[in-house]
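*Asks:* coordinates only, no sequence provided:
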């Protein structure tokens, strides 16, 4: 049986894990990068990388070949009215995101980490290995035992690392489930669709149609829920009707698509402590997914880099600087919007009414700039404009209103400085 010990064990070679491994290897650490799958492999995702993610990739000097630049976004309300949300450069991010299938994107990042010196392992993480300081590794399905001075869990919403380190508070988690398929026709702009399967009663999530490669589009439907993972079948049953709705909107003439691929998401950092001692969770494993629109790649890239830097600067207790990063960078927005998300679940008529109001032409156009910034978590670092000033008011108000709620209090305790 192979037994190996590294400075860092990264479990999961998606965007968060590969960036963590890349930064660690560049910093001189001996890194094991483990994933259950051989690459390239696919993932259920909208395939969009937001402006903050583009900035991280640029700073890391990682070239992503074949990515499509994506700017403005169109939102279609339950009454079929449309609002175009503008994409504008901020002081700390560019005026665009990019679209690239996860099969290509993830493989590129993993290759970059390996080129920097990370050692790849293919095999599912099985039995956990513990030492004097808690979790320190796993037995892989191949029979190998791999340990690290730090363990970084980048293994998705149903993280084996999080479970083994007992970092999940299951009744608090906000789950979502999404199905994605590709359709054989292009779309120029990303489109978000708020959909009422029954008039006045919204689907508790949203659908999308995003630009894809080779004249295809990425089409999907996501459902928000609370702490019980029971909605996957409902999304599958609803997808054909949603595709039909897109046809009536004139967004697609296709009734055919490839076999849908599904996946779970944890929203808003709620219900999972992201760091304890020498165990750090990044990306989806930490619940770093925007509760309002489901983006997770940009937070995954940022958290992967931050976790690696936390270990390189404080190898004895990397959880302390990593929690500090999350507390300052993601907690204010995630806490407020997760609270709003939880409050709206189970209120389909309220969701429908909000979607209709925001896409009234006059109101939608006047709020488009503010909506784009707040919804996409781009308020911090935005260029000063009337829209960004109002977005800061919205962000501050949302944090004030939710400050005493259970979600915000739980998150504050999970990220508290323990030094």
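*Replies:* Okay, I see it. Keep in mind that what you see is a predicted model, and the values were worked out from it rather than measured.

*Asks:* in the stretch 251-400 of the chain, which spans are strands?
*Replies:* 261-266, 275-276, 279-281 (DSSP state E, counting those that start in this stretch).

*Asks:* name the residues that touch the longest one?
*Replies:* So the one you mean is strand 261-266. 42-45, 156-158, 173-181, 222, 229, 232, 235-236, 272, 284-287, 289, 294, 296 (C-beta atoms under 8 Å, 6 or more residues apart in numbering). C-beta here means a position set from N, CA and C on the backbone, and glycine is covered the same way.

*Asks:* where does the stretch 51-200 of the chain have low pLDDT?
*Replies:* Residue ranges of the stretch 51-200 of the chain with pLDDT under 70: none are present.

*Asks:* helices and strands around the strand or helix carrying residue 210, which ones?
*Replies:* Element membership for residue 210, per DSSP states H and E: strand 205-211. Packed against strand 205-211 by the contact rule (3 or more C-beta pairs under 8 Å, 6 or more residues apart in numbering; DSSP states H and E) you find strand 68-70, strand 175-183, strand 191-193, strand 217-224, helix 232-248.

*Asks:* tell me how far residue 136 lies from residue 78.
*Replies:* Computed as C-beta to C-beta, to the nearest Å, the residue 136 to residue 78 distance reads 51 Å.

*Asks:* surely residue 153 touches residue 162?
*Replies:* Yes - counting by C-beta atoms under 8 Å, residue 153 touches residue 162, with 5.6 Å between them.

*Asks:* okay, those two: which has more neighbours?
*Replies:* Shown here are residue 153 and residue 162; by other C-beta atoms under 10 Å, residue 153 has more neighbours (34 against 24).

*Asks:* which residues in the stretch 51-200 of the chain form helices?
*Replies:* Ranges of helices in the stretch 51-200 of the chain, per DSSP state H, counting those that start in this stretch, are 51-59, 102-116, 160-164.

*Asks:* could these go into TSV alongside distance to residue 309?
*Replies:* Listed next are those as TSV, based on distance: least, C-beta to C-beta, whole Å:
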stretch	distance to residue 309
helix 51-59	12
helix 102-116	15
helix 160-164	19
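
*Asks:* who wins for proximity to residue 149 among those helices?
*Replies:* When these are compared by C-beta to C-beta, helix 160-164 sits nearest residue 149, at 14.7 Å.

*Asks:* what's that closest one packed up against?
*Replies:* Other helices and strands packing on helix 160-164, by 3+ C-beta pairs under 8 Å, 6+ apart, are strand 125-131, strand 134-140, strand 145-153, strand 279-281.

*Asks:* before I go, just wanted to say thanks for your time.
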